[in-house]
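K.L.:
fold the following for me, if possible:
(one chain, ligands or ions: 2)
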Amino acid sequence: MSDEKLIGTSALDATSMQAALLLQGYLTKPAGSLGRLEELGVQLAGIYRSCPPPVPRRPMVVVAAGDHGVLAEGVSPWPQEVTAQMIANFLAGGAAINVLADEVGAQVVVVDCGVRAVFEATPMLHTVKRAEVTGNIYVEPAMSEAVANALIGEGRRFASEQASLGVDLFLTGDMGIGNTTPSAALIATVTGASASRVTGRGTGIDDRTLAKKTAVIEHVVSSYRGDRSGATELLSRMGGFEHAFLTGLILGAAEANTPVILDGVIAIASALMASLESEAVVGYLIAGHRSVEPGASIGLAHLGLEPLVDLGLRLGEGTGATLAVPMVRAAARVLAEMATFDSAGVTEKS
Ligand SMILES: O=C(O)c1ccc[n+]([C@@H]2O[C@H](COP(=O)([O-])O)[C@@H](O)[C@H]2O)c1
Ligand SMILES: Cc1cc2nc[nH]c2cc1C
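P.N.:
Ligands and ions are numbered 1, 2, ... in the order given. Just a heads-up that it's a prediction; the model follows:
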């Protein structure tokens, strides 16, 4: 694991969850009629250790970016430099994530986890780079275990610092041309699903590229002889720098009793890594949306998570996670603001 001692993730607070469950029954609605919003409210009470839970007002999208050596195998039609160019676009405010984050009042931070470019320092950019590109996982490890651990540690520290500065909801975002390949490999290795089931079209690849990508993932997964239950070893063999950072971010957020809305397949692969380190972390996760990438659904099922939104998105950046923010806020507000049968003088069912 990472270079510091784990504080450890606590289980969700059972007392607050019990109180929220009871309260849902007193509010002026037939029991269960707000469906999954009710479950989400109970989960938030457990995470924030309070009933009603606070309404998250300071969400942050953490767009973790990295470059990928496996691009040399022809797994994506886009050139590596698009990762750096999109970072410049994020910093200039022109990407989809800037628009959608603004829509829900979320701050965007870009993290250079290992991109082949130099960026001018700005308050929106956080740099944790140890190398400019991962090894080509078809033929070599992605990174050393020391680098994987260092990036996990950076993610944990970042979440802890931001939570202490008032961030009350984290959203995972990512940018990295080629990163659906390591995501699929990680998901296949942990869940046992075949390469053909987890491999998808990423940014939108043709049938020939899909066949090549599937073969690369199949080779990476089948040649892995290491521990399938240790995040560091898995990340070092077949991960991306952004996966390592997001793994730490998720662990750090849970340690700070702060929920995390997951975006797509990159976030889900990272959440699987975090869950290997701490099973309790899963209680802090909210699946924002169902990405088109097939590995995303396989990873979510393995984690036991059901996404809130399903709009056919496959962009990444954190876009799908932002769409779930109004639902998370709504779930907390219901518990805080609805009248009870008693207070509103509404007769309960006989
Ligand atoms: O979030 C997802 O599920 C997702 C699905 C497909 C593509 N992406 C994004 O597209 C890039 C990776 O796609 P690819 O085809 O180059 O592996 C990377 O920048 C991701 O953010 C993201
Ligand atoms: C243009 C572009 C934008 C992206 N955003 C996340 N992944 C991306 C991949 C591409 C190619």
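
K.L.:
leaving out chain neighbours, which residue sits closest to whatever residue of the stretch 1-150 of the chain ends up closest to ligand 1?
P.N.:
With Cβ to the nearest ligand atom as the measure, residue 76 is the residue of the stretch 1-150 of the chain nearest to ligand 1, at 3.2 Å. C-beta here means a position set from N, CA and C on the backbone, and glycine is covered the same way. In space, residue 76 comes closest to residue 178 once its chain neighbours are excluded; the distance is 4.9 Å by Cβ to Cβ, 6 or more residues apart in numbering.

K.L.:
quick check, pLDDT for the one you found.
P.N.:
Per-residue confidence for residue 178 comes out at a pLDDT of 98.

K.L.:
for it, what are its contacts?
P.N.:
67, 68, 70, 71, 75, 76, 80 (Cβ atoms under 8 Å, 6 or more residues apart in numbering).

K.L.:
pLDDT weak spots in the chain?
P.N.:
Per-residue confidence for the chain (pLDDT under 70) gives these ranges: 1-7.

K.L.:
can you list the residues of it near ligand 1?
P.N.:
76, 78, 174-181, 202-203, 263-266, 291, 293, 296, 314-317 (Cβ under 6 Å from any ligand atom).

K.L.:
in strands only, show me the residues you listed.
P.N.:
174, 175 (DSSP state E).

K.L.:
returning to what we had before: quick one: the residue of the stretch 1-150 of the chain closest to ligand 1 from residue 205, how far?
P.N.:
When distances are taken as Cβ to Cβ, to the nearest Å, residue 76 and residue 205 turn out to be 7 Å apart.

K.L.:
equivalent analysis for residue 316, please.
P.N.:
Summarising the geometry, the distance separating residue 316 from residue 205, computed by Cβ to Cβ, is 15 Å.

K.L.:
between those two, which one's more packed in?
P.N.:
Regarding residue 316 and residue 205, a neighbour count based on other Cβ atoms under 10 Å identifies residue 316 as having more, with 30 against 20.

K.L.:
settle this for me: that one is touching residue 264, isn't it.
P.N.:
Yes - taking contact to mean Cβ atoms under 8 Å, the distance of 5.5 Å between residue 316 and residue 264 places them in contact.

K.L.:
quickly list what's touching both of those two.
P.N.:
With Cβ under 8 Å, 6+ apart as the test, residue 316 and residue 264 both reach residue 174.

K.L.:
before we move on, back to that, PyMOL command for the buried members of the residues of the chain next to ligand 1?
P.N.:
In PyMOL, selecting the buried portion of those, with burial taken from 16 or more other Cβ atoms under 10 Å, looks like this:
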select buried, resi 76+174+175+176+177+178+179+180+181+202+263+264+265+266+291+293+296+314+315+316+317
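
K.L.:
re the thing from before, pick the one among the contacts of residue 178 closest to ligand 2.
P.N.:
Out of the contacts of residue 178, the one with the shortest distance to ligand 2 is residue 76. That distance is 8.2 Å, counting by Cβ to the nearest ligand atom.

K.L.:
quick one, what contacts the closest one?
P.N.:
Residue 76 makes contacts with 177, 178, 180, 181, 202, 203, 205, 209, as judged by Cβ under 8 Å, 6+ apart.

K.L.:
swap in 10 Å and give it another go.
P.N.:
Contact criterion Cβ atoms under 10 Å, 6 or more residues apart in numbering gives 68, 70, 82, 176-181, 201-205, 209, 213 as the residues in contact with residue 76.

K.L.:
of those residues, list those near ligand 2.
P.N.:
Filtering the contacts of residue 76 for neighbours of ligand 2 using Cβ under 6 Å from any ligand atom leaves 82, 203.

K.L.:
between the contacts of residue 76, which is nearest ligand 1?
P.N.:
Distances from ligand 1 to those, taken as Cβ to the nearest ligand atom, are shortest for residue 202 (2.2 Å).

K.L.:
how close does that closest one get to residue 321?
P.N.:
Plainly put, residue 202 is 18 Å away from residue 321 if you go by Cβ to Cβ.

K.L.:
check residue 10 too.
P.N.:
Relative to residue 321, residue 10 is positioned 23 Å away (Cβ to Cβ).

K.L.:
residue 335 now?
P.N.:
Applying Cβ to Cβ, the value for residue 335 to residue 321 is 22 Å.

K.L.:
more neighbours, these two?
P.N.:
When residue 335 is set against residue 321 and neighbours are counted by other Cβ under 10 Å, the residue ahead is residue 321, at 36 against 24.

K.L.:
does the more buried one touch residue 259 like I think?
P.N.:
No - with contact defined as Cβ atoms under 10 Å, residue 321 does not reach residue 259; the gap is 11.0 Å.

K.L.:
can you check which residues contact both of those two?
P.N.:
The overlap between the contact sets of residue 321 and residue 259 (Cβ under 10 Å, 6+ apart) consists of 59, 169, 170, 171, 286, 328.

K.L.:
out of those residues, which is nearest to ligand 1?
P.N.:
Ligand 1 has its nearest neighbour among the shared contacts of residue 321 and residue 259 in residue 171, at 12.2 Å by Cβ to the nearest ligand atom.

K.L.:
hang on, that closest one in a strand?
P.N.:
Yes - read with DSSP: H, G, I helix; E, B strand; the rest coil, residue 171 is one of the residues of a strand.
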